[in-house]
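S.K.: Would you be able to build a 3D model of this:
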Amino acid sequence: MDGVSLFDVLKVIGQFGLSGVILVIWYYSTRAQERMHREHREDMLEVLHRYEHDMNEIRRMYESNVDLVKDYRSLAQDLKDVVTLNTQSMTRLAERLRVTKEVYE
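M.R.: Got it, this is the predicted structure:
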């Protein structure tokens, strides 16, 4: 019990009897229980704030990944265009070489 001396307990017993002691014990028990609930609530709020922060960070990571995928898609499209142009150029070159070979034969 928070700061209750033996003298105080004996005084309560003398004046109020056993029911007085039970009331005193109940009062201090209730105060301790309220303190535990308050501490638990504060701890849970802290955990929730950390969880919210972590979830926001995960959300930012996913958004960054979406941007990365969009950039990669654009790069892949550009690469496809380069490969297509190179293929067309090589086809024209091969055709010219074939025609030139036929001319000189």
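
S.K.: Which phi and psi values does Val21 adopt?
M.R.: Main-chain torsions, Val21, degrees, to the nearest 10: phi -60, psi -40.

S.K.: from memory it sits against Gly14, does it?
M.R.: No - the pair Val21 / Gly14 is not scored as a contact, 10.4 Å apart, by CB atoms under 8 Å. All C-beta spots, glycine's among them, are computed from the backbone N, C-alpha and C.

S.K.: neighbour count winner among the two?
M.R.: Val21 (14 against 9; other CB atoms under 10 Å).

S.K.: Tell me the pLDDT of the residue lying closest to the more buried one once chain neighbours are set aside.
M.R.: Nearest residue to Val21, sequence neighbours excluded (CB to CB, 6 or more residues apart in numbering): Ile13, at 5.6 Å. Looking at Ile13, its pLDDT reads 75.

S.K.: Is Ile13 within a helix or a strand, and which one?
M.R.: Assigned by DSSP states H and E, Ile13 falls within helix 6-104.

S.K.: Give me the distance between that helix and the centre of its chain.
M.R.: Computed by CA atoms, centre = their mean, to the nearest Å, the chain-centroid distance of helix 6-104 equals 2 Å.
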